[in-house]
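Novice: dropping a prediction and its sequence here:
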Amino acid sequence: MSAPNKSYDPVEVEALKPEEIARMRDEALAAFAAAGDLAALHEAKIAHIGDRSPLALANREIGALPPHAKADAGKRVGGTRAEVGRALATRQEELEAERDARVLVEEAVDVTLPGDRITPGARHPLTTLSERIEDIFVAMGYEVAEGPEVEAEWFNFDALNFTPDHPARAMQDTFFVRSAGAADAAAEGESGVVLRTHTSPVQVRSMLDREPPIYVVCPGRVYRTDELDATHTPVFHQVELLAIDEGLTMADLKGTMDHMVSALFGEGVSTRVRPNYFPFTEPSAEMDMQCYVCRGASVGDPDHPCRTCSSEGWIELGGCGMVNPRVLIACGIDPEKYSGFAFGFGIERMLMFRHNVEDMRDMVEGDVRFTRPFGMEI
Ligand code: FA5
């Protein structure tokens, strides 16, 4: 900047001449108008009203003018800078509006296009129901116990008091594992190894592994040579319950099962027992639960039939009884001191009546349209 000069004539300062200021203005307005986008406008802004632009330099010259000349030059330069500033703001608005309109077109999302989101799967309801049942017993202090699916015949039958000629051992019920040297199918039964036909061998393993008192819940997959139809499958799931302690009776068994069905089907749903026979329990019983839908109201009322229990009022749950003393002895437990109860039931059948599934084949076919409605219960 020049030093103050008392005899200075502003008209003589090149940068402050009116035509020079007008030229700066015209150049700035032309540059703004020519800027095709916001980046170009920014360049033009720096060039024409930035700190080193001709207008800024002219403005600085005003400080060096004598006082009488300052007002005139200041008015001319200030007015021009304001005009250029307004032109810049106007062009900035235009270019921003153009950019926003372009973005709306270029980045438009067609919400009618089919989505490519991967829908979440669902756990199989047999798994979630089995885990729910386990949780009920774990909350009562039971321990979850598991055993092998390829099982020694001794655990599956002998230790459970099945006599050698018991019909359940027959090939029409049991998958025998053929030993490597077996000549033909007839020799299969000689391997001593079967696919377990029920979860009761886990009772035996639990009693051999633990000292009483024993409270275990044993979920697992079991195998029988049944044909796949609406109510049978050759591979299915059971949950087994075993309690061994001093002084246990059928009343404890019934109370425990009443609690389970109330927790699963609603407060107040009760159970009943009917005589039955299992080699490993004595006495043995079949346990039914009260129909949780009609609670017995449909019995003898043809106007209000119940699909869930076929208007019988009761639904068959599974087998149960007091552990046979012969089984306790086979497992090294003193039947004079300890008694126990056991209960076993099928998860597929329970899923059928709990969720009105009419055909067991739906559970094994792996179609997600069957599992998805059960949701992501965990
Ligand atoms: C037993 O397997 C005994 N171990 C149950 C038991 C345990 C009795 C402890 C006493 C004490 P059962 O053969 O009845 O019993 O089978 C139990 C349940 O398995 C049946 O109630 C039924 O729900 C289910 N079940 C049996 N066969 C099939 C099959 N092919 N497909 C689906 N579920 C089946």
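Specialist: Structure's in. What do you need?
Novice: check which residues of stretch 81-100 are buried.
Specialist: 81, 84, 87, 88, 91, 92, 95 (16 or more other Cβ atoms under 10 Å). C-beta coordinates here come from the backbone N, C-alpha and C atoms, glycine included.
Novice: contacts for that stretch next, please.
Specialist: The contact list for stretch 81-100 (Cβ atoms under 8 Å, 6 or more residues apart in numbering) reads 25, 28-29, 32-33, 35, 37-38, 41, 44-45, 48-49, 55, 59.
Novice: of those residues, buried ones?
Specialist: By 16+ other Cβ under 10 Å, the contacts of stretch 81-100 give 25, 28, 29, 32, 35, 41, 44, 45, 48, 49, 55, 59 as buried.
Novice: SS state for the second one?
Specialist: Going by DSSP: H, G, I helix; E, B strand; the rest coil, the secondary structure assigned to residue 28 is helix.
Novice: mind pulling up the pLDDT for it?
Specialist: pLDDT, residue 28: 93.
Novice: distance of the nearest residue to it once chain neighbours are set aside from the ligand?
Specialist: Of all residues not flanking residue 28 in the chain, residue 48 sits nearest, at 3.7 Å (Cβ to Cβ, 6 or more residues apart in numbering). Relative to the ligand, residue 48 is positioned 87 Å away (Cβ to the nearest ligand atom, to the nearest Å).
Novice: stretch 146-166: which residues count as buried?
Specialist: So, applying 16+ other Cβ under 10 Å, buried residues of stretch 146-166: 147, 151, 152, 153, 155, 156, 157, 158, 159, 160, 161, 162.
Novice: could you do stretch 302-312 as well?
Specialist: 306, 308, 309, 311.
Novice: repeat for stretch 119-126
Specialist: Those would be 122, 124, 125, 126, for stretch 119-126 by 16+ other Cβ under 10 Å.
Novice: of the residues you listed, which is the nearest to the ligand?
Specialist: residue 126 (10.7 Å; Cβ to the nearest ligand atom).
Novice: and this protein, which of its residues are near the ligand?
Specialist: Residues of the chain lying close to the ligand by Cβ under 6 Å from any ligand atom are 198, 200, 224, 226, 232-233, 236, 238, 240, 278, 281, 318-321, 342-346, 348-349.
Novice: now the buried residues of stretch 146-166 in CSV, with pLDDT and secondary structure?
Specialist: Converted to CSV, these look like this (pLDDT from 0 to 100; DSSP: H, G, I helix; E, B strand; the rest coil):
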residue, pLDDT, secondary structure
147, 97, coil
151, 96, strand
152, 95, strand
153, 93, helix
155, 96, helix
156, 96, helix
157, 94, coil
158, 94, helix
159, 95, helix
160, 95, helix
161, 94, coil
162, 91, coil
